[in-house]
Every structure is written in structure tokens, then in C-alpha cells.
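**Student:** Sequence below, structure please.
(one chain, ligands or ions: 3)
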Amino acid sequence: MSSKAIAVLTSGGDAPGMNAAVRAVVRTGLSHGVRVMGIQRGFNGLLSGEVVEMNLRSVSDIIHRGGTILYTARSPEFNTPAGVQQAASTCRSLGIDGVVVIGGDGSFRGARDLTESGIRCIGIPGTIDNDIASSEYTIGFDTAMNTAVQMVDRLRDTMESHDRCSVVQVMGRRCGDIALQTGIAVGATSILVPEVPYDFQKDIIERMRFTQKTGKKHFIIIVAEGVGGVEKLAQDIQEATGIESRATILGHVQRGGSPTLRDRVVGSEMGSVAATLLYKGKGNRVIVMQGGKIVDLDISEALNMKRVFDKNLYEIAHRISI
Ligand SMILES: Nc1ncnc2c1ncn2[C@@H]1O[C@H](COP(=O)(O)OP(=O)(O)OP(=O)(O)O)[C@@H](O)[C@H]1O
Ligand SMILES: O=P(O)(O)OC[C@H]1O[C@](O)(CO)[C@@H](O)[C@@H]1O
Ligand SMILES: [Mg+2]
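**Tutor:** Residues are numbered from 1 along each chain as shown. Ligands and ions are numbered 1, 2, ... in the order given. Presented below is the predicted three-dimensional model:
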């Protein structure tokens, strides 16, 4: 069975590169001769009826833009049996029989529920966190890390000028990938992530003292949001070492900005593959990157996978940032 109309939505936190994926879904769908609708504000748009017809020009001039032209939301109303039924019924009334859902793990659960209600869904991993177990890459991760690196490089200038220590919190509530890769890229003395417990003396103070003895005078400590507590950590470091310390929470600045080449290309490829799968009558799949290739998996199988933190890279960071 092939599709009559397909639709696309973005859900959860926005991520740079979502627009590239939306553009690819729209243009690929149209190239197959199906109508393509844009659902606004995530699953909320299926409850409020905020759905617009897309054409080739609706997605012009967006590939370089951060955020999402479809807007996004976290929708507790959708996340109930009645909400899912209402969303499915909106799709049926508009002739939509397939939806591409671009978002994180929560959005994939929503996509699975909507599929179970009779509307075929395909998930695309769009989140700066890189916390989707089934995919080695999520759209937005590269841009967010490059933004974080630029910000920490600025902090380094001022910390170096004052012989200070900068304690910087980056995003990632349950996932330390942004912290790990940013930490390596800025040469952080310590990197704290939710996946690995840390010891204040051994993992921070002793490392700072060691590098101080070898001539280092300014320090960067990168802390994932899931570890948190950067204000207190900066105070404790100052008390333990006598080195003036300052805390910075980078926050939502990491979610904005023009997507990098990688996020534009991965978003484009994933969006196009998703639209073609819907056109071919497939559903209940997620598009993921495995071994550097874009492939599709069953949603439930993907949701049951366990994330593996890159301990090897973490150990390399520990060895060389000293
Ligand atoms: N278990 C679930 N069943 C059905 N729908 C869900 C479920 N969990 C989340 N959703 C839907 O997906 C939306 C987005 O989920 P969530 O807020 O967890 O963000 P996400 O997609 O994981 O993105 P990110 O964490 O990167 O911001 C929720 O607001 C809700 O509408
Ligand atoms: O924008 P909100 O709703 O405050 O959510 C913040 C969360 O979203 C993320 O940015 C992922 O989208 C996480 O890194 C962060 O914990
Ligand atoms: Mg999530």
C-alpha cells in the first residue's frame, strides 16, 4: 500500500539540523508524488489541528537556520491514551496515513504509540544530547558541541589572563556525550559525566595540583548538566586549591545557531530515507546511524536498546588532559 498524504513534525527540544530534515522529508515526499503536510508544535499540532500543506517553496531558505520552522513542544496532553486516539483521528480526517517524527527518545515513544493507533510513523533522531541508544549520532549534536567549544574558548581567554579555574556546565541530563567530546576539544583538566561517578579529591583536586606543579596556571573543568552543582563545585575547588574559580552554565545557547555541515547532511539523508519508507508503505521504524551508515530499525527494538557510554574515549581524555 502506498501513501496518499504524509506529514512531518518536530518534537521535544529543538536541534540545529531539524530544518534540513524537514526540508528533505517535504521534497522527497513531493518527488514521489504524495502530498506532504507540516504539523506544528510537535504532537500538540495533532490535538489542536495546527497542520499546514507544504510545497517545494515552504522549505526554501531553511537549511542554514537553527531551531525548527515547524516549532516544537513537549506535549503531556498527547502522552495519554485519549491524546494518542485524538491525534490518530486528526490524521485520518486529514488523509494523513504516515508521519515522520523528528525528536528524541520521548518522541520515539510517541511515534510508537501513534503507530499502534493505526498511523504509520517513522522516527528520526533529532536532539543535541546524542542520547538515542540505537543511533551513534543524533541531528544537532555536532552543532551544539561546536557552540560549546567556541564558548569555552572564550572563557579560556579570561581564565588564562587571571590564572583562574573555569567550571563549565554543558547540556545533557542523562547523557555525558556533549561533556566528553567538548571536554576533549578544550583540553579540560577534568570531565564529569552522569555515566561515571567521580571523586572530588582524586578526579579534580589531585589532577589540578599535578598539572599546577608542571607549570599550568589556569584550568577548565567540564561538567554535564546531569552532574550539575557547578556553583558549589567552583567554591569547593577555590577552597581546596586557593585558585580563584568561576562557574558558568552555558544553557540553551547550545541549542541555537546555524547547523554545521554534518547536521545539515545527516538531517538531509535521514529525512529523505524516512519519507521514502513512508511512501513505500512502511511504518513503525526509526532511522539511525550505525557504523557510519544510515539504516532503519523497528521502533520497539530501537527503544529497548541500552546506551553504551564511550569509556575508551573517556579514558583517553583522562590520560591526555593533564
Ligand atoms: N512514553 C511516551 N508515550 C507517548 N508519548 C510520549 C512518551 N514520552 C514522551 N512522549 C511524547 O513526546 C514528547 C517529547 O518527549 P520528550 O519531552 O521526552 O523529548 P525528547 O523527544 O526525548 O527530546 P529531548 O529529550 O531531546 O528534548 C512528549 O512531550 C510527549 O508528547
Ligand atoms: O528546553 P528545556 O525544556 O528546558 O529542556 C532542556 C533539556 O533539553 C535538552 O536540551 C535536549 O533537548 C537537554 O540537554 C536538556 O536537559
Ligand atoms: Mg529525551
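**Student:** where does the closest residue to residue 311 other than its chain neighbours land in three-state SS?
**Tutor:** Counting by CB to CB, 6 or more residues apart in numbering, residue 311 lies nearest to residue 196, which is 7.7 Å off, once chain neighbours are set aside. Heads up, the C-betas are built off the backbone N, CA and C, glycines and all. Secondary structure, DSSP: H, G, I helix; E, B strand; the rest coil: residue 196 is coil.
**Student:** swap in residue 97?
**Tutor:** Under three-state DSSP, residue 97 comes out as strand.
**Student:** Tell me, how many residues neighbour it?
**Tutor:** 21 (other CB atoms under 10 Å).
**Student:** okay but it is in contact with residue 115, surely?
**Tutor:** No: checked against CB atoms under 8 Å, the pair residue 97 and residue 115 is beyond contact range at 11.1 Å.
**Student:** For residue 5, the count of nearby residues, please.
**Tutor:** Residues contacting residue 5 under the criterion other CB under 10 Å number 17.
**Student:** where exactly do the helices run in the protein?
**Tutor:** Remark: helices assigned in the chain by DSSP state H are 18-31, 44-48, 81-94, 105-116, 141-162, 177-186, 206-213, 230-241, 261-279, 299-304, 311-320.
**Student:** which ones are touching the residue nearest to residue 311?
**Tutor:** Listed by CB atoms under 8 Å, 6 or more residues apart in numbering, the contact partners of residue 196 are 176, 309, 311, 314.
**Student:** Same question for residue 148.
**Tutor:** Counting by CB under 8 Å, 6+ apart, residue 148 touches 170, 178, 182, 250, 254.
**Student:** if we compare the helices of the chain, which one ends up closest to residue 122?
**Tutor:** For the helices of the chain, proximity to residue 122 was assessed by CB to CB; helix 261-279 is nearest, at 4.4 Å.
**Student:** The residue of the stretch 51-200 of the chain found nearest ligand 1 and residue 200, how far apart?
**Tutor:** Closest to ligand 1 within the stretch 51-200 of the chain is residue 106: 2.1 Å, counting by CB to the nearest ligand atom. Between residue 106 and residue 200 the computed distance is 33 Å (CB to CB, to the nearest Å).
**Student:** about what we covered before: and of the contacts of residue 148, the nearest to residue 273?
**Tutor:** The nearest member of the contacts of residue 148 to residue 273, counting by CB to CB, is residue 178 at 25.5 Å.
**Student:** residues near the nearest residue to the residue of the stretch 51-200 of the chain closest to ligand 1 once chain neighbours are set aside, how many?
**Tutor:** Closest residue in space to residue 106, ignoring its immediate chain neighbours: residue 12 at 5.7 Å, by CB to CB, 6+ apart. By the criterion of other CB under 10 Å, residue 12 has 23 neighbours.
**Student:** who touches residue 12 in this structure?
**Tutor:** Taking CB under 8 Å, 6+ apart, we find residue 12 in contact with 42, 72, 74, 103-104, 106-107, 126-127.
**Student:** follow-up on the earlier one: of residue 106 and residue 200, which one has the most company?
**Tutor:** Just comparing residue 106 and residue 200: by other CB under 10 Å the higher neighbour count belongs to residue 106, 17 against 14.
**Student:** Dump the C-alpha coordinates for stretch 207-227 into PDB.
**Tutor:** Taking C-alpha atoms only, stretch 207-227 is exported to PDB below (Å, rounded to 0.1, in the frame of the first residue of the first chain):
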ATOM      1  CA  ARG A 207      44.700  16.400  38.900                       C
ATOM      2  CA  MET A 208      44.800  20.200  39.300                       C
ATOM      3  CA  ARG A 209      47.700  20.100  41.800                       C
ATOM      4  CA  PHE A 210      49.600  17.700  39.500                       C
ATOM      5  CA  THR A 211      49.300  20.000  36.500                       C
ATOM      6  CA  GLN A 212      50.000  23.000  38.600                       C
ATOM      7  CA  LYS A 213      53.300  21.500  39.600                       C
ATOM      8  CA  THR A 214      54.200  21.000  36.000                       C
ATOM      9  CA  GLY A 215      53.500  24.700  35.300                       C
ATOM     10  CA  LYS A 216      49.800  25.000  34.500                       C
ATOM     11  CA  LYS A 217      48.100  28.100  35.900                       C
ATOM     12  CA  HIS A 218      44.600  28.100  34.600                       C
ATOM     13  CA  PHE A 219      42.100  25.200  34.500                       C
ATOM     14  CA  ILE A 220      38.900  24.200  32.800                       C
ATOM     15  CA  ILE A 221      36.500  21.600  34.300                       C
ATOM     16  CA  ILE A 222      33.600  20.500  32.100                       C
ATOM     17  CA  VAL A 223      30.500  19.300  33.900                       C
ATOM     18  CA  ALA A 224      27.500  17.600  32.300                       C
ATOM     19  CA  GLU A 225      24.000  19.000  33.300                       C
ATOM     20  CA  GLY A 226      23.200  15.600  34.800                       C
ATOM     21  CA  VAL A 227      26.000  16.000  37.300                       C
END
